[in-house]
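Engineer: okay, sequence plus prediction incoming.
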Amino acid sequence: MAKDKVITSADVKLWYGDFEALHGINLDFNQNEITALIGPSGCGKSTYLRCLNRMNDLIPGVKIEGDMRLQGEDIYSSQMDVVQLRKRVGMVFQQPNPFPFSIYDNVVYGLRLQGIKDRAVLDEAVETSLKQAAIWDEVKDKLHVSALSLSGGQQQRVVIGRVLAVQPDVILMDEPTSALDPISSTQIENMLLELREQYTIILVTHNMHQASRISDKTAFFLQGRLVEFDDTKKIFLNPHEQETSDYISGRFG
Ligand SMILES: Nc1ncnc2c1ncn2[C@@H]1O[C@H](COP(=O)(O)OP(=O)(O)O)[C@@H](O)[C@H]1O
Ligand SMILES: [Mg+2]
């Protein structure tokens, strides 16, 4: 049975000034799947990812063409509320970026912005989100200490909890474990496998083991083009394109 497409993108092109960084990307994402975006540094993975929640809007001189849809709605329509969009399409970066507040205040940040004040509702959201982010047991007795006092791996899980608290449809992750130690990385990988049951996850990763271990689909980018997109098994065991094969086997990148 075909899965629901949560995000579709057709012929996406992006220029930074005169430099064309994306040359017409066609890529769709299914509900309840993890899609890995791989490719050498500078190939356009982050640029493409930022198109999906309009983070590139913030960069001066950027021009974007193509059609990108979230559940059928045009992401670049003038009707699209960008604040709402970034809630529906949450993002996690390479460097954990908790706010300099308590763990609790980090997680409820988005909910408070929505005007939610009811303590019981906020308490419930903190517990649920931190459980989903696989960090509840480690922090439940110190929710009011600064998030900055935690280890990098813990900070990243709190940040993921903050994203989950506003109940997004899609989670974008740009190399979320590359600044972390192997144990923290594995914890986050296992968490993503759980989160897949409820979310659509798009994961940029430099780590081939990570992509092959946890993703359902893999997209291989090279110099602003999408070279190959397929089931992860196919990409890693029997890729169609020579360039994919060369990259997977470590011949460049
Ligand atoms: N803000 C920017 N201004 C100009 N060029 C940029 C900007 N961000 C990225 N680029 C360029 O766009 C290309 C793709 O970069 P990026 O999307 O960051 O690649 P990746 O995430 O795959 O390493 C690179 O050539 C990079 O130098
Ligand atoms: Mg990048």
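Structural biologist: Received, thanks. Ligands and ions are numbered 1, 2, ... in the order given.
Engineer: residue ranges with poor pLDDT in the chain?
Structural biologist: Residue ranges of the chain with pLDDT under 70: 1-2, 253.
Engineer: now do the contacts for the most centrally placed residue in it.
Structural biologist: Most central residue of the chain, judged by C-alpha distance to the mean C-alpha position with Cα atoms, centre = their mean, is residue 172 at 1.5 Å. Shown in contact with residue 172 (Cβ atoms under 8 Å, 6 or more residues apart in numbering): 49, 52, 53, 89, 90, 91, 92, 202. The C-beta positions use only the backbone N, C-alpha and C, and glycine is treated the same way.
Engineer: list buried residues within these.
Structural biologist: 49, 52, 53, 89, 90, 91, 92, 202 (16 or more other Cβ atoms under 10 Å).
Engineer: returning to what we had before: mind putting the contacts of residue 172 in JSON lines, secondary structure included?
Structural biologist: Below are those laid out as JSON lines (DSSP: H, G, I helix; E, B strand; the rest coil):
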{"residue": "49", "secondary structure": "helix"}
{"residue": "52", "secondary structure": "coil"}
{"residue": "53", "secondary structure": "coil"}
{"residue": "89", "secondary structure": "strand"}
{"residue": "90", "secondary structure": "strand"}
{"residue": "91", "secondary structure": "strand"}
{"residue": "92", "secondary structure": "strand"}
{"residue": "202", "secondary structure": "strand"}
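Engineer: give me the phi and psi for the closest residue to residue 240 other than its chain neighbours.
Structural biologist: Using Cβ to Cβ, 6 or more residues apart in numbering and skipping the chain neighbours, the partner closest in space to residue 240 is residue 228 (5.8 Å). Phi and psi for residue 228, reported as degrees, to the nearest 10, are phi -160, psi 140.
Engineer: element containing residue 12?
Structural biologist: Using DSSP states H and E, residue 12 sits within strand 5-16.
Engineer: what pairs with that strand, parallel or antiparallel?
Structural biologist: With DSSP bridges as the test, strand 5-16 is paired with strand 19-30 (antiparallel), strand 62-70 (antiparallel).
Engineer: residues making contact with it?
Structural biologist: With contact meaning Cβ under 8 Å, 6+ apart, strand 5-16 is reached by 20-31, 44, 47-48, 51-52, 56, 59, 61-71, 89, 169-170, 200, 202.
Engineer: name the residues of the stretch 1-150 of the chain found near ligand 1, please.
Structural biologist: The stretch 1-150 of the chain has residues 16, 19, 21, 39, 41, 42, 43, 44, 45, 46, 47, 59 near ligand 1, with proximity defined as Cβ under 6 Å from any ligand atom.
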